[in-house]
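[1] Based on what follows, work out the 3D shape:
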Amino acid sequence: MGAFLFYLLKSGCCLVVFYIFFKLLMSRSTFFRFNRITLLVGLLGCTLLPLIELTTTEETFLHTPLYAIHEILQSTESVILNPEQMEDPILIPEKNPEIRSLNWVPVTLAFIYGVGALATLIWLSISTCRLIQLIRTSEKKRFGNYVLVIPQQPTASFSWGKYIVISAVDYSQQSEEILLHETMHLRNHHTLDLLFIQIFLLVHWFNPVVWLLKRELQEIHEFEADNGVINTGVDATKYQLLLVKKAVGTRLYSMANGFNHSKLKKRITMMLKERTNRWARLKLLLAVPVMAGALYVFAQPEVKDDLGLQIVQEALQLKPDNDQDIFKFLKDEGEAFYKKSPENAKLKWRVRERQCHVFNIDVKGRIILDGQEIAKEDLKEIVKKRIVENKRRTKQEKNIEEVQLVGVLYAKDTPQSLLVEVLTILKDAFVEIRTDIAKTSGNNSKEYLDGQFPILITPDEVKEERKLHASSNKENTKSSNIDYHKQLNGIDVKIISNDGKIKIKMTNFSLAELKKSIKEFISSYEGDMDTFTVGLKVDKGCQMEDVTEIKSILRSAHLLKLVYQQM
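    The predicted structure follows:
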């Protein structure tokens, strides 16, 4: 509805300009039919002109108020950012009565407009019904191609469609000139003009200019009909006296009204006026620059969507064309975040599952997430939607801010070009989210954006020594300070399928036993390991290097869904 209201505003502005143009340049000429066509075409132009959408590269003082009104009318909701939400404007919950309320401006205007349009429709309907009732109850006679309607009560003569309404008194006295006048209305199809202006009036009932244009059109009808009567050979003086007599005789009270006096005076003046020079029609060409000006004012300032992205990229000082830069950039971003605070540092080894989104690039070059292959073309949008929704949901349900981390596991034989392409796509997803935040908040500083949505993307190669093909002897001789045969107490591991069944459950085990159990499980299962979830419970007294090695074993087996709980 907001778009329609804004259209009415633009159309109304066009009507005001057109009325001024017509009144100053056209209304005094004797080109009655030309003026009539001009007025009708002008009304149609004022209807269609606002529908033409143009853009301009420069915003002037003329565009600013219209653009502001457009934003108000288009918005169905008004956003009120409370202090907690001010730090993350992109993640405002859609249904939160504390920060989002209905924008009553377009709603109220739409209601008022609807009531006015309904009232106008009722008024037009009543007028039409009264007209039909008058025709049905009055005496009717054939008059050439038309039908005479002769009511007994005093009625000002008029015509509509194929009917000419004339009172019994006028019909018995001065009927010839009156009937000729009304016949001219019907020959020139003035009824169609009135139907068009009535429909136009129904839409623009609130605009006084439309009512003025309707009056102009009715006056042109009268001028054209009078001119037609004079051209048939009727004595002009006699005809003018008849007009005066009808005005002061049968409608003495209405003569006191200034509008009727002015209308009668205009009709007589037009009959006596010298014909306008035909070259005066060229004044209509002045409408061309007027239309061009209207289109320019209505043009929307061009919004450069890539501007915010460019600003953020410049702030990040990233060179996307250099393969090595993407690895260095991601490493620098991660280290800067982890060094920022002790809380951030903990995320190196302790992260909730809902914060972590791990993608796997298998030996065939497929990108796997949650057991499903993802096309490179869809990767960016999937990542954006996933991490933004995760952060928004956590904020809404738990009222905490959680950073989002993306991991990329890849095999040693993964082509460098594919890895760089995937990392660049993931980086671009983060940058576009930060761009939206910068546009919404008006703050595009890197420090601010790092606080709102840090870029945390960690590529990790699945090392050969971590794969589960090693024998027990190799485990014993591996270059590590960790004892793979030491029993680990206080650590529970569960591997759970999608249907909730526990496939492996281990307590008080050694790392060697864990690797052996997982190896046997993998050899007996032919599906994708990404479909399983690992539950890991750790007592506070356990060594973190043991936990890290357990995670490494699980990650090497592509068991990436980890629910971590420290007791």
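[2] what about stretch 165-180, start to end distance?
    Taking Cα to Cα, to the nearest Å, stretch 165-180 runs 12 Å from one end to the other.
[3] ugh, typo on my part, it should be stretch 483-497
    Start-to-end span of stretch 483-497 (Cα to Cα) is 30 Å.
[4] With stretch 402-422 instead?
    Terminal residues of stretch 402-422 are spaced 24 Å apart (Cα to Cα).
[5] Which positions in that stretch come out as buried?
    402-411, 414, 419-420, 422 (16 or more other Cβ atoms under 10 Å). Every C-beta, even on glycine, is put in place using the N, C-alpha and C of the backbone.
[6] quick one: which of those residues sit in strands?
    For the buried residues of stretch 402-422, membership in strands holds for Leu405, Val406, Gly407, Val408, Leu409, Tyr410, with DSSP state E as the criterion.
[7] what's the closest of those to Leu131?
    Val406 (73.2 Å; Cβ to Cβ).
[8] Give me the neighbour count for Ala119.
    Ala119 has 11 neighbours, counted by other Cβ atoms under 10 Å.
[9] Now it: closest residue in space, sequence neighbours ignored.
    In space, and not counting its chain neighbours, Ala119 is closest to Trp205: 7.7 Å by Cβ to Cβ, 6 or more residues apart in numbering.
[10] returning to that earlier point: out of the buried residues of stretch 402-422, which one sits closest to Gln487?
    Here the nearest of the buried residues of stretch 402-422 to Gln487, counting by Cβ to Cβ, is Leu409; it sits at 29.0 Å.
[11] ok, the closest one to Pro289 distance?
    65 Å (Cβ to Cβ, to the nearest Å).
[12] go on, Ser125?
    From Ser125 to Pro289 the distance is 41 Å (Cβ to Cβ).
[13] now Phe200
    Phe200 is 25 Å from Pro289, where distance means Cβ to Cβ.
[14] cool, Lys494 as well?
    With distances taken as Cβ to Cβ, Lys494 is found 78 Å from Pro289.
[15] Check Pro106 too.
    33 Å.
[16] Comparing the two, which residue is more hemmed in?
    Remark: of Pro106 and Pro289, Pro106 carries more neighbours, 20 against 9, as counted by other Cβ under 10 Å.
[17] name the element that one belongs to?
    Element membership of Pro106, judged by DSSP states H and E, is helix 104-137.
[18] Who are the packing partners of that helix?
    helix 2-25, helix 63-74, strand 163-165, helix 190-203 (3 or more Cβ pairs under 8 Å, 6 or more residues apart in numbering; DSSP states H and E).
[19] mean pLDDT for these: which is lowest?
    Ranked on mean pLDDT, the bottom entry among the helices and strands packed on helix 104-137 is helix 63-74, at a mean of 64.
[20] domains for this structure, by residue range?
    What automatic domain parsing lists as the domains of the chain is 2-123+190-234+273-300, 138-187, 306-462, 464-567.
[21] can I get these in CSV with distance to Leu242?
    Putting these into CSV (distance: least, Cβ to Cβ, whole Å) gives the following:
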stretch, distance to Leu242
domain 2-123+190-234+273-300, 9
domain 138-187, 6
domain 306-462, 72
domain 464-567, 95
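[22] how about those, which one is nearest Lys245?
    It's domain 138-187; of these, that one is closest to Lys245 (Cβ to Cβ) at 8.0 Å.
[23] what about the closest one, distance to the chain center?
    Distance of domain 138-187 from its chain centroid, counting by Cα atoms, centre = their mean, to the nearest Å, is 54 Å.
[24] gap between the two ends of it?
    First-to-last residue span, domain 138-187, Cα to Cα: 23 Å.
[25] Could you list the low-confidence segments of the stretch 101-250 of the chain?
    101-103, 174, 246-250 (pLDDT under 70).
[26] same thing but 80
    101-106, 173-175, 243-250 (pLDDT under 80).
[27] How about the stretch 401-550 of the chain?
    412, 440-444, 461-483, 498-500, 522-532, 540-541, 543-544.
[28] what are the ranges of the strands in the stretch 351-500 of the chain?
    Secondary structure of the stretch 351-500 of the chain (DSSP state E, counting those that start in this stretch): strands at 356-361, 367-369, 372-374, 405-410, 457-461, 488-496.
[29] Distance to Val431 added to those, as a markdown table?
    Formatted as a markdown table, the strands of the stretch 351-500 of the chain follow (distance: least, Cβ to Cβ, whole Å):
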| stretch | distance to Val431 |
| --- | --- |
| strand 356-361 | 16 |
| strand 367-369 | 19 |
| strand 372-374 | 19 |
| strand 405-410 | 13 |
| strand 457-461 | 11 |
| strand 488-496 | 36 |
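[30] Quick check: buried residues in stretch 170-177?
    Residues of stretch 170-177 classed as buried by neighbour count (16+ other Cβ under 10 Å): Asp170, Tyr171, Ser175, Glu177.
[31] Tell me which two of these sit farthest apart.
    Most distant of those, by Cβ to Cβ, are Tyr171 and Glu177, 12.1 Å apart.
[32] report the angle between the axes of the helix or strand Ile37 falls within and helix 190-203?
    Of the helices and strands defined by DSSP H and E, Ile37 is found in helix 32-48. Helix 32-48 and helix 190-203 are oriented at 30 degrees to each other (axes from the mean of the first three to the mean of the last three Cα atoms, to 10 degrees).
[33] elements contacting helix 32-48?
    helix 2-25, helix 190-203, helix 208-231.
[34] what angle sits between the first one and helix 32-48?
    Compare the direction of helix 2-25 with that of helix 32-48 by the same axes, to 10 degrees and you get 160 degrees.
[35] List the buried residues in helix 2-25.
    For helix 2-25, the neighbour count (16+ other Cβ under 10 Å) marks 2, 5-6, 8-15, 17-19, 21-22 as buried.
[36] Next: the second one.
    For helix 190-203, burial by neighbour count (16+ other Cβ under 10 Å) applies to His190, Thr191, Asp193, Leu194, Ile197, Phe200, Leu201, Leu202, Val203.
[37] Quick one: residues contacting the fourth one.
    Applying Cβ atoms under 8 Å, 6 or more residues apart in numbering, one finds that Leu194 lies in contact with Leu217, Gln218.
[38] Could you rerun that using 10 Å?
    By Cβ atoms under 10 Å, 6 or more residues apart in numbering, the contact set of Leu194 is Trp160, His185, Lys214, Leu217, Gln218, His221.
[39] Go through those and say which is closest to Lys395.
    For the contacts of Leu194, the nearest to Lys395 is Lys214 (56.6 Å; Cβ to Cβ).
[40] If I follow the layout properly, Gly161 ends up in contact with Tyr146?
    Yes: Gly161 is in contact with Tyr146 according to Cβ atoms under 10 Å; the separation is 8.9 Å.
[41] Please tell me I have it right and Ala287 contacts Cys46.
    No: look at Ala287 against Cys46 with Cβ under 10 Å: they stay out of range, at 11.2 Å.
[42] So between those two, which is more surrounded?
    Shown here are Ala287 and Cys46; by other Cβ under 10 Å, Cys46 has more neighbours (26 against 19).
[43] any idea how far the more buried one lies from Gly114?
    Per Cβ to Cβ, Cys46 is found 22 Å from Gly114.
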